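**Student:** everything below, folded, please.
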Amino acid sequence: MAENLIDLGAPAKRVEVIPNGVDLLRFSPVSSQAERDTLRRQLGIEPTDEVLLFVGFISYRKGIDVLLEAWQQITKQRPKARLLLIGHRIDGNNTDVPPSFHDQTFMDKIDALVKQFAHPDRVVFCGNVTNVEQYMRTADVFLFPSRRE
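**Tutor:** Predicted structure coming up:
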């Protein structure tokens, strides 16, 4: 791409190549359904579940409330769906998150909403994990309802 820009007349000293910021080996898709099933079993997920995944702070800014409202509709059509929420909760119990991020009122609202679901066990708060790539490789759908970044 840099060569194309230079060919089009861009000064070479003003063209800078920024490498891909994603480790493509770490975040590669599974090579087979068997591999996905094995990963799911290792993570305690049924191979037949439809896995929807969110990764980020469990917060208003990241749209978790919007996601959970939509979840109620999703489960009506997809009874085998399981929602995995990976990331720090922003309640006062989490010492990994700066106090300025804490919003206990919001988290109480989220917890109450999940308890109202017909199958609250299908929503899993995984916390912060070190093997996020494995969860991503097992997911059928990645959800990112963020209000802003």
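**Student:** out of the helices and strands in the chain, which is least certain?
**Tutor:** Counting by mean pLDDT, DSSP states H and E, the chain has its least confident helix or strand at helix 2-7, which shows a mean of 88.
**Student:** need the contact list for the nearest residue to residue 82 once chain neighbours are set aside.
**Tutor:** The shortest distance from residue 82 to any non-neighbouring residue, by CB to CB, 6 or more residues apart in numbering, is to residue 49 (4.5 Å). All C-beta atoms are positioned from the backbone trio N, CA, C, and that covers glycine. Contacts for residue 49 (CB atoms under 8 Å, 6 or more residues apart in numbering) come out as 40, 80, 81, 82.
**Student:** now tabulate those residues in JSON lines and tack on secondary structure and neighbour count.
**Tutor:** JSON lines is the format used below for the contacts of residue 49 (DSSP: H, G, I helix; E, B strand; the rest coil; neighbours: other CB atoms under 10 Å):
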{"residue": "40", "secondary structure": "helix", "neighbour count": "22"}
{"residue": "80", "secondary structure": "coil", "neighbour count": "11"}
{"residue": "81", "secondary structure": "strand", "neighbour count": "19"}
{"residue": "82", "secondary structure": "strand", "neighbour count": "21"}
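**Student:** which pair in these spans the largest distance?
**Tutor:** For those, the maximum inter-member distance is 13.8 Å, found between 40 and 81 (CB to CB).
**Student:** any residues in contact with both of the two?
**Tutor:** Counting by CB under 8 Å, 6+ apart, the residues touching both residue 40 and residue 81 are 49, 51.
**Student:** need the contact list for residue 138.
**Tutor:** 30, 36, 39, 40, 43, 45, 51.
**Student:** where does the protein have low pLDDT?
**Tutor:** 92, 94-95, 97-99 (pLDDT under 70).
**Student:** please, where are all the helices along it?
**Tutor:** Along the chain, counting by DSSP state H, helices occupy 2-7, 33-42, 64-77, 104-116, 132-138.
**Student:** please identify the deepest-packed of these.
**Tutor:** Most buried of the helices of the chain by mean neighbour count (mean count of other CB atoms under 10 Å) is helix 132-138; its value is a mean of 18.
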